[in-house]
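**Q** need a 3D model of the following:
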Amino acid sequence: MPVQIKLLADKQILMDRDRMPDEILLDQFDPADVIPPGVGEYDALLVRTVSPIDATTIPAAPSSLKFIGSATAGVDHVDQHWLQELGIEFAHSPGCNASAVGEYVGTAILAWSLMTGNELTSSRVGIIGAGHTGTAAGRLLSKLSVPCIYYDPPRAEADPSFRSCLLEEALECDILTFHTPLTHHTKWPTFHWLNREKLASRNFKLILNASRGGVVDEQALLASYREGTVENFILDVWEHEPRFNDLSAKNALIKTPHIAGYSLQSKQRATQIVMHSLCRYFGLSPAGREFTPPLPAAPTFSASETNSGLLELLFELNPIHEYNKRFETLIGLTPEEKHRRFQKARTGFPLRHEHPYCRVDEALLEKYPVLKSLGFTGKQG
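**A** Residues are numbered from 1 along each chain as shown. Below you'll find the model as predicted:
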């Protein structure tokens, strides 16, 4: 292995070059541009979901590149078979954003309840995909006293201790929330999993997709929405993202630019996990390394500073509504402008702290006990 390792990393990945092992020489690139053509001269590359890794971006065996890591939980932007053919090691960061996605789902569903007058505890939720994020969402919804069931045949097949509900049981739920990868040619494909056939002759109060665009057939969803068999839907991910469908966005109760998993803590975890894999591969010791800069202090929310009702307070604590407002400004733009500004909407807003790391005034917690169920406390985590 080389004495020095040249690492090229997406500049949006939370990293601190002063906290890298001495053997690592860090350069960064702007993900708005293509992966630099000189990437083959580096020993390692770190990307996020916005940078596809396949035969078009890494067209031939590079001279030096031996390791590619994605500081993300999802991997559908990476052609792993192609990397195997090139002899390039691949690693990612499974579970890094599970808490953040769970908080997004819990907050969004509670907000939906407040916005529409639907009683939360009388609505049954079908969680499609019981991996890291689906499990985190179910755990938080259970704390909100919302009944949940899990549908995940692939996990049931691989894990004898897990029981998936039947498909019909899932489709009888009032709410569906999606937490699957996007797959096509597999035993259990998820592309357009929610389609016209599954939506036909059924009624749903809410459809929420925070997994991958394409898991939900948006045209079928829009048709059911117009017919009134789907009352509301919330989308954080989009078919053909970032060139999303304007009608889908206009009709979504809440629309956000693929930020459900965005938090300072999830970014920190993603870096830690993938950098540990990199260090192991190159024979470096990650012991005692943080890899990321110290996080800024989490905000304190005081009862004396807000006269908001619960819905407004929710959106102060978790800025879903701010992302929603930014997303609305993208509707009607040309596909090229959407591509450019969608990414800016994701990265141009300060990352939030996850709920346990925020400090909420005890008076607010007493006034709105549901905040404790969402993970907020009077002490900073």
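
**Q** contacts, neighbours, all on C-alpha from now
**A** OK.

**Q** so what strands line up beside the helix or strand bottoming out on mean pLDDT in the chain?
**A** Sorting the helices and strands of the chain by mean pLDDT, DSSP states H and E puts strand 300-301 at the bottom, at a mean of 88. Strand 300-301 pairs in its sheet with strand 359-360 (parallel), by DSSP bridges.

**Q** quick one: buried residues of stretch 139-155?
**A** 139-142, 144, 146-153, 155 (16 or more other Cα atoms under 10 Å).

**Q** and for stretch 75-93?
**A** Using 16+ other Cα under 10 Å as the test for burial, stretch 75-93 gives 75, 77-78, 80, 82-83, 86, 88-93.

**Q** any chance of the residues you listed in CSV with pLDDT as columns?
**A** Listed next are those as CSV, based on pLDDT from 0 to 100:
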residue, pLDDT
75, 92
77, 92
78, 95
80, 95
82, 95
83, 96
86, 94
88, 96
89, 97
90, 98
91, 98
92, 97
93, 97
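
**Q** tabulate these (TSV), appending secondary structure and distance to residue 291.
**A** Listed next are these as TSV, based on DSSP: H, G, I helix; E, B strand; the rest coil; distance: Cα to Cα, whole Å:
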residue	secondary structure	distance to residue 291
75	coil	22
77	coil	24
78	strand	24
80	helix	25
82	helix	29
83	helix	25
86	helix	28
88	coil	23
89	strand	20
90	strand	19
91	strand	16
92	coil	16
93	coil	14
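
**Q** any idea which residue sits dead centre in the protein?
**A** The geometric centre of the chain, computed from its C-alpha atoms, lies nearest to residue 261 (Cα atoms, centre = their mean), at 3.3 Å.

**Q** give the contact list for that residue.
**A** Residue 261 sits next to 97-101, 104 when contact means Cα atoms under 8 Å, 6 or more residues apart in numbering.

**Q** from residue 173, how far off is residue 138?
**A** 14 Å (Cα to Cα, to the nearest Å).

**Q** same drill for those two, tell me which one is more crowded.
**A** More neighbours surround residue 138 than the other of residue 138 and residue 173, with 24 against 21 (other Cα atoms under 10 Å).

**Q** helix or strand for the more buried one, which one?
**A** helix 132-143 (DSSP states H and E).

**Q** following element in sequence after that helix, please.
**A** Toward the C-terminus from helix 132-143 - assigned by DSSP H and E - lies strand 148-151.

**Q** summarise which helices and strands that next one is packed against.
**A** Where contact means 3 or more Cα pairs under 8 Å, 6 or more residues apart in numbering; DSSP states H and E, strand 148-151 is packed against strand 125-128, helix 132-143, helix 167-171.

**Q** out of the ones you listed, which comes closest to residue 12?
**A** Residue 12 lies closest, by Cα to Cα, to one member of these: helix 132-143, at 21.9 Å.

**Q** list the contacts of that closest one.
**A** 94-95, 97-99, 101-103, 105-106, 127-128, 147-148, 178-179, 373-374.

**Q** before we move on, the earlier item: average pLDDT for the helix holding residue 138?
**A** The average pLDDT within helix 132-143 is 98.

**Q** now do the strands in this structure.
**A** 5-10, 24-29, 44-47, 67-70, 89-91, 125-128, 148-151, 175-178, 204-209, 230-235, 254-255, 300-301, 359-360 (DSSP state E).

**Q** ok, of those strands, where does mean pLDDT dip lowest?
**A** Mean pLDDT per stretch puts strand 300-301 lowest among the strands of the chain, at a mean of 88.

**Q** max pairwise distance over the buried residues of stretch 75-93: which two?
**A** Pairwise distances among those were taken by Cα to Cα; the largest, 21.5 Å, belongs to 86 and 93.

**Q** just to revisit the earlier point, would you list the buried residues of stretch 139-155 in a markdown table and tack on distance to residue 211?
**A** Formatted as a markdown table, these follow (distance: Cα to Cα, whole Å):
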| residue | distance to residue 211 |
| --- | --- |
| 139 | 17 |
| 140 | 17 |
| 141 | 17 |
| 142 | 20 |
| 144 | 21 |
| 146 | 20 |
| 147 | 21 |
| 148 | 18 |
| 149 | 17 |
| 150 | 15 |
| 151 | 14 |
| 152 | 14 |
| 153 | 17 |
| 155 | 16 |
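
**Q** before we move on, back to that, mind checking which of the strands of the chain is nearest residue 331?
**A** Taking Cα to Cα, strand 254-255 is the member of those nearest to residue 331, at 10.7 Å.

**Q** now do that closest one: distance to the chain's middle.
**A** 14 Å (Cα atoms, centre = their mean, to the nearest Å).

**Q** what's in contact with it?
**A** For strand 254-255, contacts defined as Cα under 8 Å, 6+ apart pick out 108, 233-236, 249, 321, 323-324, 327-328.

**Q** and those, which of them are buried?
**A** Buried among the contacts of strand 254-255 (16+ other Cα under 10 Å): 108, 233-236, 249, 321, 323-324, 327.

**Q** contact partners for residue 378?
**A** 359-362, 365.

**Q** rerun at 6 Å
**A** By Cα atoms under 6 Å, 6 or more residues apart in numbering, the contact set of residue 378 is 359-362.

**Q** from these, pick the one nearest residue 204.
**A** Using Cα to Cα, residue 360 comes nearest to residue 204 of the contacts of residue 378, at 34.1 Å.

**Q** now for the closest one, how many residues are close by?
**A** Residue 360 is flanked by 23 other residues according to other Cα under 10 Å.

**Q** test my guess that it contacts residue 301.
**A** Yes. Using Cα atoms under 6 Å, residue 360 is in contact with residue 301, at 4.8 Å.

**Q** among the contacts of residue 261, which are in helices?
**A** Using DSSP state H, the subset of the contacts of residue 261 located in helices is 98-101, 104.
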